[in-house]
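Trainee: heads up, no residue letters with this:
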């Protein structure tokens, strides 16, 4: 089963639950593994984490990214927007607060807005937005490697938490993020090693 297939399947399952009668909903909740606080924190925290990655990757076309960086950015935008939508739906169906798809800060009651692990600071984002061409490529890949490493750390924290990731959607989302982002870290490290020219057209 491809990751795209399970995302569609998970979304379809959640949609069926949402549109079924109250009796069917209660039956589903009784059968489904209970969500944990760690599950909710992971899904809610990963939304702003993804939102910043989508923003960063969305600058590729206007900031002169070389072709291989542009292709990677397109993949990040498409894949992480899909994951944001599924995480929002999961939170909504479980009666939890749903972060905006464009909010890059984690908002928690009674606490300052927080950056999740690996995320870029306002100053780093401003420097990336100002950069063009090879400088954009370098800053983007260096920043996105750290960004992805932060996401992997969030998955590790989830899986180390008591009673976490017993819910099928949460487990598959975490597994998907871990696999995709560790692969992309390796790819970006190799792209950086090519130097400024990389796969830029002559």
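Mentor: Ah, there it is. Just so you know, these numbers come straight off a predicted model, no measurement behind them.

Trainee: need the helices for this structure, in chain order.
Mentor: Applying DSSP state H to the chain gives helices spanning 3-19, 22-31, 37-57, 67-93, 122-130, 134-160, 168-193.

Trainee: Can you report how many residues neighbour residue 86?
Mentor: 20 (other CB atoms under 10 Å). Glycine gets a C-beta too; all of them are placed from N, C-alpha and C.

Trainee: measure residue 170 to residue 122 for me?
Mentor: 30 Å (CB to CB, to the nearest Å).

Trainee: more crowded one of those two?
Mentor: residue 170 (22 against 9).

Trainee: Please tell me how far the residue lying closest to residue 103 once chain neighbours are set aside sits from residue 99.
Mentor: Counting by CB to CB, 6 or more residues apart in numbering, residue 103 lies nearest to residue 48, which is 5.4 Å off, once chain neighbours are set aside. Residue 48 is 6 Å from residue 99, where distance means CB to CB.

Trainee: can you list residues touching both of those two?
Mentor: When contacts are counted by CB atoms under 8 Å, 6 or more residues apart in numbering, the set common to residue 48 and residue 99 consists of residue 106.

Trainee: can you pull the contacts of the residue lying closest to residue 118 once chain neighbours are set aside?
Mentor: In space, and not counting its chain neighbours, residue 118 is closest to residue 150: 1.8 Å by CB to CB, 6+ apart. Counting by CB under 8 Å, 6+ apart, residue 150 makes contact with 49, 116-119.

Trainee: Please dump those into TSV; it should also carry neighbour count and pLDDT for every row.
Mentor: Formatted as TSV, those follow (neighbours: other CB atoms under 10 Å; pLDDT from 0 to 100):
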residue	neighbour count	pLDDT
49	25	97
116	21	93
117	16	94
118	21	96
119	23	96
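
Trainee: Give me the nearest residue to the spatially most central residue of the chain, chain neighbours excluded.
Mentor: Nearest to the mean C-alpha position of the chain, counting by CA atoms, centre = their mean, stands residue 50 at 3.5 Å. Of all residues not flanking residue 50 in the chain, residue 80 sits nearest, at 4.2 Å (CB to CB, 6+ apart).

Trainee: Number of residues surrounding the one you found?
Mentor: Neighbours of residue 80 under the rule other CB under 10 Å: 24.

Trainee: now swap in residue 146 and tell me
Mentor: 15.

Trainee: list the contacts for it?
Mentor: Each residue near residue 146 by CB under 8 Å, 6+ apart is listed here: 118, 120.

Trainee: I'm done for today, thanks for sticking with me.
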